[in-house]
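[1] fold the following and give me the result.
(3 chains)
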Amino acid sequence: MPELPEVETVRAGLAPALTNAKVTGVDVLDARSLKRHPGGVEDFKQTLIGAKILGVVRRGKFLWLPIEVKGTTQKLALVGHLGMSGQMLLRSPGASEDKLTRVVIHAKCADGEKVEFRFIDQRIFGSLAIDELIETSDGKPGGFSAGVGLGQYWQNMIPRQAAHITRDPLDEDFDEPAVLAKFKKKNSGIKRVLLDQQTLSGIGNIYADEALWQAKLHYDQPAASISKAKASELLAAVKDILAKAVAQGGTSFDEQYKNVNGESGYFAVSLNAYGMTGLPCKRCGHPIKRENWMNRGSHLCPKCQRRRG
DNA sequence: ATGGACACCTGTGGGC
DNA sequence: TGCCCACAGGTGTCCA
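    Take a look at the predicted model:
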């Protein structure tokens, strides 16, 4: 479910409470949520209990919390991905339980308050894991942390399991010319390219459909066939939409996406294509259509977004 | 390289 | 009420 704006909303919510917090306990209610942690449940618990959380960083849809673990020289992070249905909630100890909670991390905040970090995940496509941090290939910051961690050893590092993810369009070091050059080399349809986290990251099905609507491009238009000017327009639309969605706290349709306090985001009211099947296009009035595409759905205005060439 | 199918999962809503 | 099917904000792998 969650794409960059939703993950960023979660990151921004976790950071004030968890930066410099200490882990006091871990409950693993469903081991399947640790499938990307190679060491198994006991190793996960033992490593985490007593660890100090140093910050909260995001690249694309990946989140990680660098941790300081006594008795090891390894540089580690707690890595989280929300998959299709993950949530990270901050609750007071003893607050009523949240359905589908898979993992609970008990922590003591820097100010002495106690907090429960609850990982909720209906479909269990998301995961938590402890992973090693490695240097970024370009020597630049691994991801976005809103200035927390500047000058610390982990600033220019990234978890091994997220290292293949390229920078997202809201990253200070996003390399737009490089992304445009990649477009020129790809004969795949542009939507497939937008969703490829190794070309640019953070975009999922909602924001891909929205950006393509904004730029009046058909999802199957070969990326290489798009003019540089049009491709730049598309990237500008991507950035604009992602930034606006972050400002609105992301997109919520139902119970599947909530911020750390369990509240919905408000970008859904700004959607022009995604989920608008049958409603008139806000530009030309033609009904928005949903088409089956890659085992999921694509929403577009068949009149404004014609495939060309 | 590229496109397609499918695996990983559970829950909800619509149609009958 | 119940049953069955379609569908859901993601990622990764395998195969033609």
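
[2] tell me what the closest residue to A:H37 other than its chain neighbours is bridged to.
    Leaving aside its sequence neighbours, A:H37 sits nearest to A:A129 (CB to CB, 6 or more residues apart in numbering; 3.8 Å). To be clear about C-beta, it is placed using only N, CA and C from the backbone, and glycine gets the same treatment. Beta-bridge pairing of A:A129 under DSSP bridges involves A:V79.

[3] just checking, A:A129 touches A:V79?
    Yes: with contacts counted by CB atoms under 8 Å, A:A129 reaches A:V79, the gap being 5.0 Å.

[4] residue of the stretch 101-250 of chain A nearest DNA strand B, please.
    Nearest residue of the stretch 101-250 of chain A to DNA strand B (CB to the nearest atom of the strand) works out as A:S188 at 2.8 Å.

[5] how much space between the residue nearest to that residue when sequence neighbours are not counted and A:I206?
    Of all residues not flanking A:S188 in the chain, A:A223 sits nearest, at 6.1 Å (CB to CB, 6+ apart). Noted for A:A223: a distance of 20 Å to A:I206, by CB to CB, to the nearest Å.

[6] what's the burial count for the residue in chain A that DNA strand C sits nearest to?
    Proximity of chain A to DNA strand C (CB to the nearest atom of the strand) peaks at A:G204, 1.9 Å away. As a burial measure, A:G204 scores 21 neighbours (other CB atoms under 10 Å).

[7] can you check A:E68 too?
    Using other CB under 10 Å, A:E68 has 15 neighbouring residues.

[8] for it, list the residues it contacts.
    A:A51, A:K52, A:L54 (CB atoms under 8 Å, 6 or more residues apart in numbering).

[9] likewise A:I120?
    Contacts for A:I120 (CB under 8 Å, 6+ apart) come out as A:G86, A:Q87, A:M88, A:L89, A:D98, A:K99, A:L100, A:T101, A:R102.

[10] show me what it is bridged to.
    A:Q87, A:T101.

[11] now A:L90: closest residue in space, sequence neighbours ignored.
    Excluding the flanking residues, the one nearest A:L90 by CB to CB, 6+ apart is A:V260, at 4.6 Å.

[12] host element of that neighbour?
    Taking DSSP states H and E as the definition, A:V260 sits outside all helices and strands.

[13] phi and psi next, for it.
    Here is the backbone geometry of A:V260 (degrees, to the nearest 10): phi -70, psi -20.
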